[in-house]
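Colleague: got a predicted structure here, sequence first:
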Amino acid sequence: MELPAVAPAQVVPDAAAAAPPPPRQRVAAGEEGDVLRAFADSANRHGIGGSVSAEDRWATLDAAMTQRQAEYEGAAPEYTSGAPDEIDETSDPVSKEFYDFYRTPRGYSPRTTTKPTLSSNIGFMNFYPFTRLDEISPRPVMFVAGTEAHSIEFSHDAYARAAEPKELVEVPGAGHVDLYDREELIPFDKLLSFFGKL
């Protein structure tokens with residue numbers, strides 16, 4: 001059975017119509033909380049620092065839809081981006097940082113990959129995680145980001161979009177993945193104080 005061709009503009013699920021999560025008294029999000037925004041809004045839709053053009057987005061969607069049809073017909077998935085399997089002296093700092101976590105005992109697991117499939121780009125581009133961010137209010141929200149994280153712009157964006165009460169904690173010297181496991185950098189005092197106000 002062949003699926004009908006679908007234009008990229010027609011593949012737009014209404015993410016905002018999804019039921020909101022159950023109420024929580026407080027919400028804290030670290031760098032990992034920004035991954036979906038990074039993928040959805042920046043890495044795929046706009047790029048870090050706005051580096052992805054509209055033409056690039058259409059090319060990505062076209063490639064993803066072609067791959068999705070190929071997978072439906074039995075082709076193997078095609079993987080994109082993610083942490084590199086190897087690095088060298090010419091690798092960029094973000095690749096080195098992700099390799100240091102995901103390809104070493106710090107964060108490596110033989111059961112997972114950091115590489116999304118090409119066909120999943122359609123879902124990522126059509127997912128808008130900040131659509132209802134302001135609805136967390138009046139519950140307090142805290143964003144935690146490393147000052148050296150390439151993704152700090154996502155935390156700044158989330159903070160700007162959130163309604164009060166809100167707090168942004170920037171951890172000096174911390175990169176994107178440092179707050180996953182570098183206990184000496186994780187601001188436990190701020191987190192304990194934030195959640196201690198329950």
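Modeller: Done, it's in.

Colleague: got a list of what M142 touches?
Modeller: R26, V27, A28, A29, K166, E167, L168, V169, K190, L191, F194 (Cβ atoms under 8 Å, 6 or more residues apart in numbering). For glycine as for every other residue, the C-beta is placed from the backbone atoms N, C-alpha and C.

Colleague: at 6 Å what do you get?
Modeller: By Cβ atoms under 6 Å, 6 or more residues apart in numbering, the contact list for M142 reads A28, E167, F194.

Colleague: so which helix or strand takes in the last one?
Modeller: Secondary structure assigned from DSSP states H and E places F194 in helix 188-196.

Colleague: report the buried residues of that helix.
Modeller: F194 (16 or more other Cβ atoms under 10 Å).

Colleague: mind giving me the packing neighbours of it?
Modeller: Helices and strands touching helix 188-196, by 3 or more Cβ pairs under 6 Å, 6 or more residues apart in numbering; DSSP states H and E: there are none.

Colleague: dump that helix to CSV, restricted to CA.
Modeller: Extracted C-alpha coordinates of helix 188-196, given in CSV (Å, rounded to 0.1, in the frame of the first residue of the first chain):
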residue,chain,number,x,y,z
PHE,A,188,22.0,21.8,44.8
ASP,A,189,21.7,24.7,47.3
LYS,A,190,19.5,26.6,44.8
LEU,A,191,17.4,23.5,44.0
LEU,A,192,16.9,22.6,47.6
SER,A,193,16.0,26.1,48.5
PHE,A,194,13.6,26.3,45.5
PHE,A,195,11.8,23.0,46.3
GLY,A,196,12.1,23.6,50.1
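
Colleague: closest one of the contacts of M142 to F127?
Modeller: Nearest to F127 among those: A28, at 21.3 Å, using Cβ to Cβ.
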